[in-house]
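Peer 1: Fold the following for me, if possible:
(one chain, ligands or ions: 4)
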Amino acid sequence: MAQTVCPFCFRRINSSRLWFQCLGQGNVECTKEVDEARVRLTGSKAETFPTFPMPSDRSENRLSSGPASAPCPKCGYKARRRACPECHTALPNELTGSTNAMIGLVGARGSGKTVLMTVAVKELRRNVGRRFGASIQLIADNPDGFTSRSAYQDGREASLYDRGNLPPQTELLAARDGHATPVVLRWQQEKARLFGGNAPDSTLMSFVDTAGEDLGDQDTAFTLKYLAVCDALMITLDPFALPGARARLNLPSAAILVGEDTPLDVVSHITEVLKVEHEVRRRRRIKIPIAVVFTKIDAFYSGLDRGNPIMSTAGLMPAYNNGDGAAVHEHMLALLHEWGASDIDAHMRLNYDDYRYFGVSALGAEPDYVGGMVAPGGVQPHRVEDPLLWLLSKTKTVPVA
Ligand SMILES: Nc1nc2c(ncn2[C@@H]2O[C@H](COP(=O)(O)OP(=O)(O)OP(=O)(O)O)[C@@H](O)[C@H]2O)c(=O)[nH]1
Ligand SMILES: [Mg+2]
Ligand SMILES: [Zn+2]
Ligand SMILES: [Zn+2]
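Peer 2: Ligands and ions are numbered 1, 2, ... in the order given. Alright, predicted model coming up:
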């Protein structure tokens, strides 16, 4: 059975046994209603036409992905749209019989997750798509809990890019009935199939932006379930939370959003959860790739050499630039040592098989921390796509050069 993970409720589902969702165009009237399963598993109260299972299995369908359509029990419309059997959210077609890349995004409070996700999702659609000749789109009707794609674009993107407002603190999951709604992107690309076979032409990426505090809360079932199904993880680390890094800057107190946990505490906690959820045996390392993303690097620009790879970019070739990535990794590691935070590296080495350090700036210049406003030059992202491209090179969505 083709196992995959629903990008909306994070349950494991059989992608050859997806349900159908009516579009309300049958001979008799069909009605949209709030779907109880969807509310329970995703918190979404959006009204939809009925979601129903495929008609009882006929033997000839057993091995295939079943029929391509099924009649709505209410109106008879031959529905082709697929939906998650668990949470009843409509799913993109390409999920049928395939898998998707669940990329997790976790990090301490104030480490820059919301800004990074907002900017990365926009940059992917705007520039990275062009660079790779790919079409990258937001899919689904309620990204990040917004009621529509346009509401997301206004509430997240226009708010930051056009109006220059830094986002407020992300609400705790508890305040969102324990649910977080992911932003799901579809990366679609023509691929030359060198060796034949049918490599998929699209990859789904599901990002969830959680509040920093949710991580420390052992009881947040959602975070556990989410980490359990992630194929890859981005961990944001706030250099402002490292005393040795902070000492080199002259930050106003409004910039320092540091809780009780040190960055090492946060990473250790993630490690513990991953070890349990991914059933990593004692003395073994965690296998999923981990991008350790140091945010807010713009604050260090003036102290870095011009020749430092952290200051340059990966170039415009349609591939993940591995040499460049390795150079940034080494230079971030050197910075970690300078900042007196080599314990983080020791922890990574002991617990993970596959990790890489990234230095990014989503804003590109220091904001007005007190007023919560982007710098007058606007958002100028620096290297925000690097961690994603590295992770996507692991799933073979992008080539390595
Ligand atoms: N200098 C600089 N500061 C940044 C950057 N990105 C975020 N910040 C600062 O970090 C603050 C927190 O960013 P958020 O993206 O809201 O952090 P978060 O991880 O989502 O925080 P929670 O939602 O509370 O968990 C912002 O208000 C800015 O002050 C950046 O690229 N450069
Ligand atoms: Mg946030
Ligand atoms: Zn119907
Ligand atoms: Zn689901």
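
Peer 1: Kindly report the residues of the chain close to ligand 2.
Peer 2: Applying C-beta under 5 Å from the ion, one finds that the chain approaches ligand 2 through 113-114, 170. From N, CA and C alone the C-beta is placed, and that goes for glycine too.

Peer 1: Swap in 8 Å and give it another go.
Peer 2: 109, 113-115, 167, 169-170, 209-212 (C-beta under 8 Å from the ion).

Peer 1: Please identify, among the residues you listed, the one with the most neighbours.
Peer 2: residue 113 (28 neighbours; other C-beta atoms under 10 Å).

Peer 1: I'd assumed residue 170 was in contact with that one.
Peer 2: Yes. Using C-beta atoms under 8 Å, residue 113 makes contact with residue 170 at a distance of 7.2 Å.

Peer 1: For the top helix by length along the chain, which residues meet the burial criterion?
Peer 2: Assignment by DSSP state H gives helix 322-338 as the longest helix of the chain. Counting neighbours by 16 or more other C-beta atoms under 10 Å, one finds that the buried residues in helix 322-338 are 324-325, 327-329, 331-332, 335-336.

Peer 1: and which of these is nearest ligand 4?
Peer 2: Of all these, residue 325 has the smallest distance to ligand 4: 33.2 Å, by C-beta to the ion.

Peer 1: Compute the distance between residue 28 and ligand 1, please.
Peer 2: Look at residue 28 and ligand 1: by C-beta to the nearest ligand atom, to the nearest Å, they are 47 Å apart.

Peer 1: next one: residue 228
Peer 2: Using C-beta to the nearest ligand atom, residue 228 is found at 21 Å from ligand 1.

Peer 1: For the residue nearest to residue 72 when sequence neighbours are not counted, give me its contacts.
Peer 2: Spatial nearest neighbour of residue 72, chain neighbours left out: residue 22 (3.8 Å); criterion: C-beta to C-beta, 6 or more residues apart in numbering. Contact analysis of residue 22 by C-beta atoms under 8 Å, 6 or more residues apart in numbering lists 30, 49-52, 72, 74-75, 77, 79, 81.

Peer 1: 10 Å instead?
Peer 2: 30-32, 48-52, 70-79, 81, 83 (C-beta atoms under 10 Å, 6 or more residues apart in numbering).

Peer 1: Out of those, which are close to ligand 1?
Peer 2: Filtering the contacts of residue 22 for proximity to ligand 1 by C-beta under 6 Å from any ligand atom leaves nothing.

Peer 1: buried subset of those residues?
Peer 2: For those, buried by 16+ other C-beta under 10 Å: 30, 48-52, 70, 72, 74-75, 77, 79, 81, 83.
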